[in-house]
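Engineer: okay, here's the prediction I keep looking at, along with the sequence it came from:
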Amino acid sequence: MINLKNQMNKKRIDFNQPPKHFINITPYWLLGFVEGDGYFSINTSDYSLKFGIGQTYQETNVLEAIQTFILDLPGKYLVKRKNTNIVKVATYDQGKGPNHKPMTYISINQIDFLTNVIAPFFDNLIWLSKKEKDYKDWKLILNIVKQGKHFTDEGKELISLITNRMNNNRLSTNLSKEIAASSSLISLEERISKFLSSPSNYELQPDGKILIKSSGTYLKGRGNVGVNVLDENGEIVI
């Protein structure tokens, strides 16, 4: 009994699996894993979005199995370069602190892949934790960015308001913030809905360039970026 206990949890040093061991990833297994260790993030300096999962480096084989599963998911997405690493798995030697082990992360930040593969996958599952609220807020921002509306003042304001209610701001220790936010929740949701239903801030030009209507400038190359261009009725043109 003592010998078994000394091989458990942080005392475990042998991470080898039996020869016939197979990592079977299923949709709801992955959802549960994401609800525990996944994250949906937004960089408010450049409005880039990311979905990822972090584990200690001993679990790299698990993340690689998840990588394969995700790459096999249905969905159309734009790949402009053959060497594009859409679903990245990387190990960082530097841990969180002197007593922490190196970490391995799986991360996805290509807007087109997030929109057409990741979002539909999670939309078809039933969440069981409050992380669903973070996912839905993250998806709102994803749609704002997809339409180029993060270039507008209202878009930037709405993104700020959405991010301020995500992640740690939902903790019970921030209950006062949650109560204050809930008082204006309906008006905020109405603003977001109306904003997203308006025509895209992108306009496709005859030469193939994409005009940012709010600034009168053209969208510059930023890697693999997919966009929706809407007409005056909010219908997708491209």
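Structural biologist: Nice, thanks for sending it over.
Engineer: packing partners for the host helix or strand of residue 188?
Structural biologist: Using DSSP states H and E, the element containing residue 188 is helix 185-197. Where contact means 3 or more Cβ pairs under 8 Å, 6 or more residues apart in numbering; DSSP states H and E, helix 185-197 is packed against helix 131-146, helix 153-163. Quick note: C-beta positions are derived from backbone N, CA and C, even for glycine.
Engineer: quick one: the lengthiest strand in the chain to helix 131-146, angle?
Structural biologist: Assignment by DSSP state E gives strand 48-56 as the longest strand of the chain. Here strand 48-56 points in a direction 140 degrees away from that of helix 131-146 (axes from the mean of the first three to the mean of the last three Cα atoms, to 10 degrees).
Engineer: now strand 48-56: mean pLDDT?
Structural biologist: Averaging pLDDT along strand 48-56 gives 94.
Engineer: got the contact list for that strand?
Structural biologist: Strand 48-56 is contacted from outside by 33-34, 37-43, 62-63, 66, 101-109, 111, 114, 118, 138, 141-142, 145, using Cβ atoms under 8 Å, 6 or more residues apart in numbering.
Engineer: of these, buried ones?
Structural biologist: 33-34, 38-42, 62-63, 66, 103-109, 111, 114, 118, 138, 141-142, 145 (16 or more other Cβ atoms under 10 Å).
Engineer: helices - which of those residues land there?
Structural biologist: Of the buried ones among the contacts of strand 48-56, the ones assigned to helices by DSSP state H are 33-34, 62-63, 66, 111, 138, 141-142, 145.
Engineer: most widely separated two among those residues?
Structural biologist: Spanning the widest gap among those are 62 and 145, at 29.9 Å by Cβ to Cβ.
Engineer: what pLDDT does residue 232 get?
Structural biologist: At residue 232, pLDDT is 55.
Engineer: my error: substitute residue 224 in the last question.
Structural biologist: At residue 224, the model reports a pLDDT of 43.
Engineer: what does residue 15 give?
Structural biologist: 57.
Engineer: try residue 77
Structural biologist: Reported pLDDT for residue 77: 74.
Engineer: can you check residue 190 too?
Structural biologist: pLDDT, read off for residue 190, is 92.
Engineer: what's around it, how many residues?
Structural biologist: Using other Cβ atoms under 10 Å, residue 190 has 10 other residues around it.
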